[in-house]
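Asks: Below: sequence and its predicted model.
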Amino acid sequence: MKKAFIQLHIAVFLAGFTGILGKLITLNEGLLVWYRLLIASVTLWIIFFFQKKEKKVSLNDALKIFGIGAVAALHWVTFYGSIKYSNVSVALVCFSSVGFFTSIFEPLFFRTKIDKIEVLLGLLTIMGIYFIFHFDPSYKTGIIIGLISAWLGAIFPIMNKMILKKVSSSNVTMYEFTGGFIFLSILLPFYLKLFPTEYIFPNGRDWLWLLVLGWACTVLAINLSMSALRKISAFTVNLTYNLEPVYGILLAFVVLGENKYLNTGFYIGFAIIIITIIVHMLLLRKKSKHPS
């Protein structure tokens, strides 16, 4: 369990960079995610080829994983769309609602009773992130897209939890990225027609940030979080990922100079998030010692 939490927090820290990279890369959200998945899927297939790992997955499971990859791809497109239509802070604030959505969706998927404490903790986390940033009405579009992203972001880890019972995390990751890439490749011509862009090919600087995004913040981070998901619940993963907005906003302060968001509300929100996570960890520890 301890190793799983360490892996999860490393993954969250790496995920904190993704919002910054979304702002630094000049491509639109659809192309950005397409290149991200291209780099990640090619990298994984090369690694698997040289390591000669077993890649055989049944057709039924492969199709399911491809479907999860499509959901993940849409989550990323909407996340970066939220950044492009607003800013890093707005997108990250909206991302905080993932915990709330998960506390409702996970019991529905696994046909278990909704945990009122988990719902409350999810709501408290949203309140904590709300203190970090005071929404501006001009960011309405970015907020709506961000909430759609959070909804999608709550679904695909739960779907991963289900498929990981039958398929290894490394195989799931590889097929998921490949499925997401194929899905976006089919969707992209229609997407670009609806949302035309001046830049289709990355420049030199974009390639640098795309490689960081594809290798460190995608391949490594997703593998770490999937390994953690084998030991802890999807809700715990998503709740811990509420640190991502905190890391992201801190990085935005350092890299993008968004220090105007680091007011009293930031520290109040940060304290609420930390307290919420600590309380949840203590409850998990108590539950593991005294299972019902």
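Replies: Yep, that arrived. Numbering: from 1, shown residues only.

Asks: For the stretch 51-200 of the chain, give me the ranges with low pLDDT.
Replies: 53-55, 133-137 (pLDDT under 70).

Asks: what's stretch 139-157 in contact with?
Replies: Outside of stretch 139-157, the residues within contact range by Cβ atoms under 8 Å, 6 or more residues apart in numbering are 68, 71-72, 74-76, 78-79, 81-87, 90-91, 93-99, 101-102, 105, 135, 225, 229, 234, 237-238. From N, CA and C alone the C-beta is placed, and that goes for glycine too.

Asks: Go through the residues you listed and flag which are in strands.
Replies: Counting by DSSP state E, those place none of their members in strands.

Asks: hang on, isn't Tyr247 packed against Phe13?
Replies: Yes. Look at Tyr247 against Phe13 with Cβ atoms under 8 Å: they come within range, at 5.9 Å.

Asks: more crowded one of the two?
Replies: Using other Cβ atoms under 10 Å as the criterion, Tyr247 and Phe13 rank with Tyr247 on top: 19 against 16.

Asks: so what's that one up against?
Replies: Tyr247 touches 12-13, 15-17, counting by Cβ under 8 Å, 6+ apart.

Asks: from those, which is closest to Arg111?
Replies: Val12 (28.6 Å; Cβ to Cβ).

Asks: Now the closest one. Its backbone dihedrals?
Replies: phi -70, psi -40 (degrees, to the nearest 10).

Asks: Please apply the same query to Leu164.
Replies: Backbone torsions of Leu164, given as degrees, to the nearest 10, read phi -70, psi -10.

Asks: Contact partners for it?
Replies: Contact partners of Leu164, counting by Cβ under 8 Å, 6+ apart, are 172, 226, 229-230.

Asks: try it again with 10 Å
Replies: By Cβ atoms under 10 Å, 6 or more residues apart in numbering, the residues touching Leu164 are 171-172, 226-227, 229-230.

Asks: now Val42
Replies: Counted by Cβ under 10 Å, 6+ apart, Val42 has contacts 177-178, 181, 214.

Asks: ok, so of these, who is nearest Tyr199?
Replies: Nearest to Tyr199, judged by Cβ to Cβ, of those is Gly214 at 17.9 Å.

Asks: host element of that closest one?
Replies: Gly214 belongs to helix 204-214 when assigned by DSSP states H and E.

Asks: Now that helix: buried residues?
Replies: Neighbour-count burial for helix 204-214, counted by 16 or more other Cβ atoms under 10 Å, picks out 206, 209-210, 212-214.

Asks: show me the contacts for the nearest residue to Ile222 once chain neighbours are set aside.
Replies: The shortest distance from Ile222 to any non-neighbouring residue, by Cβ to Cβ, 6 or more residues apart in numbering, is to Thr173 (5.6 Å). Contact analysis of Thr173 by Cβ under 10 Å, 6+ apart lists 40-41, 44, 65, 69, 160, 167, 218-219, 222-223, 225-227.

Asks: Switch those residues over to CSV; also include neighbour count and distance to Ile268.
Replies: Below are the contacts of Thr173 laid out as CSV (neighbours: other Cβ atoms under 10 Å; distance: Cβ to Cβ, whole Å):
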residue, neighbour count, distance to Ile268
Ala40, 25, 37
Ser41, 24, 41
Leu44, 23, 41
Ile65, 25, 41
Gly69, 27, 38
Asn160, 24, 33
Val167, 18, 42
Thr218, 24, 32
Val219, 20, 35
Ile222, 22, 32
Asn223, 18, 34
Ser225, 25, 28
Met226, 22, 33
Ser227, 18, 33
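
Asks: Out of the residues you listed, which is nearest to Ile6?
Replies: Each of the contacts of Thr173 was checked against Ile6 using Cβ to Cβ; the closest is Ser227, at 10.3 Å.

Asks: which element is that closest one on?
Replies: Assigned by DSSP H and E, Ser227 belongs to helix 221-229.

Asks: for the closest residue to Leu224 other than its chain neighbours, helix, strand, or coil?
Replies: In space, and not counting its chain neighbours, Leu224 is closest to Ala11: 4.0 Å by Cβ to Cβ, 6+ apart. What DSSP: H, G, I helix; E, B strand; the rest coil gives for Ala11 is helix.

Asks: Make 26 the starting number, not 1.
Replies: From this message on, residue numbering opens at 26, which makes the last subject Ala36.

Asks: which residues in the stretch 76-225 of the chain form helices?
Replies: Taking DSSP state H, counting those that start in this stretch, the helices of the stretch 76-225 of the chain run over residues 84-110, 113-120, 123-135, 141-157, 165-188, 194-219.
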